[in-house]
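Asker: Need coordinates for the below:
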Amino acid sequence: MEIQELKQKLKKQIIEFLNLTPLTPEKIKDDEPLFGDGLGLDSIDSLELIVLLKREYGITIQDPKEGRKVLVDVNTMVDYIVQNRTK
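Answerer: Residues are numbered from 1 along each chain as shown. Okay, the predicted model is just below:
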């Protein structure tokens, strides 16, 4: 799967998993922060994203520090998926 395709897929999954239905993948910028002033996600959402990575890509994140490095924006998540996916 090409990187751009993976980014689009991930954006759709984020919207679906977190029930962000007013959003569309086109409204999420690749480098937009997922937390804080960006999409405004919270700690519960971060847990949902970790479940998404496990379920969809076979990636387990157990260390909270690692999670903070991975769940920055779509770009960092996609880079991590490309390097670590098992599915």
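
Asker: Name the residues of the helix or strand residue 10 falls within that are buried.
Answerer: Residue 10 is part of helix 3-17, with elements assigned from DSSP states H and E. Within helix 3-17, the residues that count as buried by 16 or more other C-beta atoms under 10 Å are 6, 7, 8, 10, 11, 13, 14, 15. All C-beta spots, glycine's among them, are computed from the backbone N, C-alpha and C.

Asker: From those residues, pick the one nearest residue 41.
Answerer: residue 14 (8.8 Å; C-beta to C-beta).

Asker: Which residue of the chain lies farthest from its centroid?
Answerer: residue 22 (17.3 Å; C-alpha atoms, centre = their mean).

Asker: hmm, back to that, ok, and what's touching whichever helix or strand comes after the helix holding residue 10?
Answerer: Per DSSP H and E, the first helix or strand lying C-terminal to helix 3-17 is helix 43-57. If you take C-beta atoms under 8 Å, 6 or more residues apart in numbering as the criterion, helix 43-57 is touched by 13-14, 17-18, 34-35, 41, 59-61, 67, 70-71, 77, 80-81, 84-87.

Asker: gap between the residue farthest from the centre of the chain and residue 7?
Answerer: 20 Å (C-beta to C-beta, to the nearest Å).

Asker: now residue 30
Answerer: Residue 30 is 6 Å from residue 7, by C-beta to C-beta.

Asker: Cool, thanks, signing off.
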